[in-house]
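Undergrad: Sequence plus the predicted model coming up.
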Amino acid sequence: MIRRHEPHVAQRHASRRYPSQRHASRRHPSRGAAWKRWTFARAQVALFVLLGASVVFAGCAEIGEVGRTTTTVGQQAGDTTTLTRLGASTTLPESALAGDPLTSPAIAVAAAVGPSVVNVAVEGSVPGFAGLQTYSSEGSGVILTADGMIITNNHVVSQESGGQEYVADKVTVTLATGEELAARIVGRDPLTDLAVLEVQASGLPAATFIESFDEVLIGQYAVAIGSPLGFENSVTLGIISGVHRGLDVQPGISQFSLVDLIQTDAAISPGNSGGALVDARGRVIGINVAYLPPSQTGAQNVGFAIPADLAIDVARQIMATGRATHAYLGISNVSVTEALRERFALTRSKGVLVAGAEPGAPAERAGLQQGDIIIEFDGQTIHSDSDLYSILRRMKPGDTVSLVVDREGAELSFDVTLGERPE
């Protein structure tokens, strides 16, 4: 049996100890004019090379999977901070959270949130050169409800091999008390890399989460709690380094982009995936999901977390129906850059270029065409595909939105009724 401790993304999808064939595919831009389709074909080849290089530098080949952690969210009320949970609440004295200015804020956070952090161990099998090959790995999770619901990453409980996604055969959750519980997978959402587990228990110390991404501020303290390399309830302290980050991961069949991420320098290591990123008041602000491996990028302490509000929205859908739905525009696209504008004589250096609109999809029905550059979506300016994904990720199928495109220098407005993203 192979034992793994949550390798980074490149290993997870490409070079684990068993073979895995992955192909990152994306459609590429053209001006959209029929008489220049030969240029579009040549552009696809050139753009594939350019984009492929960028993915290797800062995408799937360089991104490490984050550990799995759990945290507790609270709201300040007077001179105390109330941690409101699903089914429970805890009140911490303000002195315990602030304390001596020379005292680390991680002390109080670890005491308050540590009980809500779990270790997630999985076992499974995938096809190999000599038939099925077994594996095991560890990660982290966050207790959502007192009656046993736990959130983690999809890649913690599943993996890809040969273009297929395989769900773990056995999942075991270890509480902070040391108690081990068998867990079942309630549902998974590969698009957001989230999953919900359930254990048979009651009275668990459920974590709570901030309700709005707007509460996350650059420079504020951030504490990561999880099981890096199997060391359960490990705590690291840093700050929020950035917000609204985007990573184009596209791992094999999942083909997802991580968007609207929180960037932190709190150390995140293999095994932290699915765990929590917490603020100084003990509130979960994100679910850890990725990091840049220093050995491959030269970067130090560059980690990422899925915003708590998005994670909770997806988790609630999974708990209610077993799956999450996502709004769907139905285009293949790429961010416009100055280099792209110069190479293909585009009219803008920012925006999202429509490389193609799928037949019958919402975008095509609304009138979008290949070569259009989306510059505004739902009243918000679009500079890159991360901006578009960020807005789209928080919308629902059936929502009608307005968008503005640049079509060969002319600005055109469209109303699009979003569909449901195919599974």
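TA: Great, that's in hand. Model, not experiment: these values are computed from the prediction. Numbering: from 1, shown residues only.
Undergrad: which sections of this protein are below the confidence cut-off?
TA: Counting by pLDDT under 70, the ranges of the chain that qualify are 1-102, 248-257.
Undergrad: Would you state the helices of it in chain order?
TA: Assigned by DSSP state H, the chain shows helices spanning 9-13, 37-58, 94-97, 106-113, 154-157, 294-297, 308-321, 338-344, 362-366, 385-393.
Undergrad: Tell me how many other residues surround T103.
TA: For T103, the count of nearby residues is 11 (other Cβ atoms under 10 Å). C-beta coordinates here come from the backbone N, C-alpha and C atoms, glycine included.
Undergrad: Let the chain start at 338 from now.
TA: Let's use 338 as the start, then, which means that last one is T440.
Undergrad: and the residue nearest to A449 when sequence neighbours are not counted, what are its phi and psi?
TA: Nearest residue to A449 in three dimensions, chain neighbours excluded: G619, at 4.2 Å (Cβ to Cβ, 6 or more residues apart in numbering). Main-chain torsions, G619, degrees, to the nearest 10: phi 80, psi 20.
Undergrad: burial count for G619?
TA: By the criterion of other Cβ under 10 Å, G619 has 27 neighbours.
Undergrad: I'd say it and V450 touch.
TA: Yes. Using Cβ atoms under 8 Å, G619 is in contact with V450, at 5.3 Å.
Undergrad: tell me the contacts of L614?
TA: L614 sits next to 406, 408, 559-561, 599, 601, 603, 621-625, 642 when contact means Cβ atoms under 8 Å, 6 or more residues apart in numbering.
Undergrad: out of the residues you listed, who's nearest T509?
TA: Distances from T509 to the contacts of L614, taken as Cβ to Cβ, are shortest for T406 (17.3 Å).
Undergrad: Of the contacts of L614, which is the most crowded?
TA: Within the contacts of L614, most neighbours by other Cβ under 10 Å means T406, with 41 neighbours.
Undergrad: give me the beta-bridge partners of S750?
TA: Beta bridges link S750 to V741, judged by DSSP bridges.
Undergrad: Was I right to think it contacts R744?
TA: No. The pair S750 / R744 is not scored as a contact, 10.9 Å apart, by Cβ under 8 Å.
Undergrad: coming back round to it: from D506, how far out is the residue nearest to A449?
TA: Between G619 and D506 the computed distance is 35 Å (Cβ to Cβ, to the nearest Å).
Undergrad: now swap in R758 and tell me
TA: From R758 over to D506 the distance is 28 Å, taken as Cβ to Cβ.
Undergrad: higher neighbour count, those two?
TA: Taking other Cβ under 10 Å, R758 and D506 do not tie; R758 has more neighbours (15 against 11).
Undergrad: got the buried residues for stretch 445-458?
TA: For stretch 445-458, a neighbour-count test (16 or more other Cβ atoms under 10 Å) marks 445-447, 449-458 as buried.
Undergrad: quick one, phi/psi of S441?
TA: Main-chain torsions, S441, degrees, to the nearest 10: phi -60, psi 130.
Undergrad: pretty sure it contacts V572?
TA: No. Under the criterion of Cβ under 8 Å, S441 is not in contact with V572, lying 9.4 Å apart.
Undergrad: And the two? Which one has more around it.
TA: Neighbours per residue (other Cβ under 10 Å) separate S441 from V572, with V572 holding more: 21 against 15.
Undergrad: what's the more buried one in contact with, if anything?
TA: A443, V446, A447, G451, V560, A561, I562.
Undergrad: Check the contact between the fifth one and P442; I expect there is one.
TA: Right, V560. Yes. Under the criterion of Cβ under 8 Å, V560 makes contact with P442 at 7.2 Å.
Undergrad: So for those two, which residues contact both of them?
TA: The contact sets of V560 and P442 overlap at L574, A617 (Cβ under 8 Å, 6+ apart).
Undergrad: quick one on the thing from earlier: among the contacts of L614, which one lies nearest to A636?
TA: T601 (12.6 Å).
Undergrad: CSV please, covering the buried residues of stretch 445-458 and showing distance to S723.
TA: As requested, the buried residues of stretch 445-458 are exported to CSV (distance: Cβ to Cβ, whole Å):
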residue, distance to S723
A445, 34
V446, 29
A447, 33
A449, 33
V450, 29
G451, 33
P452, 35
S453, 30
V454, 29
V455, 31
N456, 32
V457, 29
A458, 33
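Undergrad: Pick the one among the residues you listed closest to Y472.
TA: Nearest to Y472 among the buried residues of stretch 445-458, with distances taken as Cβ to Cβ, is A458, at 11.5 Å.
Undergrad: tell me the contacts of the nearest residue to E675 once chain neighbours are set aside?
TA: In space, and not counting its chain neighbours, E675 is closest to S686: 4.4 Å by Cβ to Cβ, 6+ apart. Shown in contact with S686 (Cβ under 8 Å, 6+ apart): V673, T674, E675, L677, R678.
Undergrad: If you rank those by neighbours, which is first?
TA: The most neighbours of any of those, using other Cβ under 10 Å, belong to V673, which has 26 neighbours.
Undergrad: For that one, which non-adjacent residue is closest in space?
TA: If the residues on either side of it in the chain are set aside, V673 comes closest to G688, at 4.6 Å by Cβ to Cβ, 6+ apart.
Undergrad: returning to what we had before: just name the closest of the contacts of V572 to L512, please.
TA: Compare each of the contacts of V572 with L512 using Cβ to Cβ and the shortest gap goes to G451, at 10.7 Å.
Undergrad: can you pull the contacts of the closest one?
TA: G451 makes contact with A513, I562, N570, V572, according to Cβ under 8 Å, 6+ apart.
Undergrad: got a winner among those for most neighbours?
TA: Using other Cβ under 10 Å as the neighbour test, the contacts of G451 are led by I562, with 34 neighbours.
Undergrad: Report the beta-bridge partners for that residue.
TA: V572, A613.
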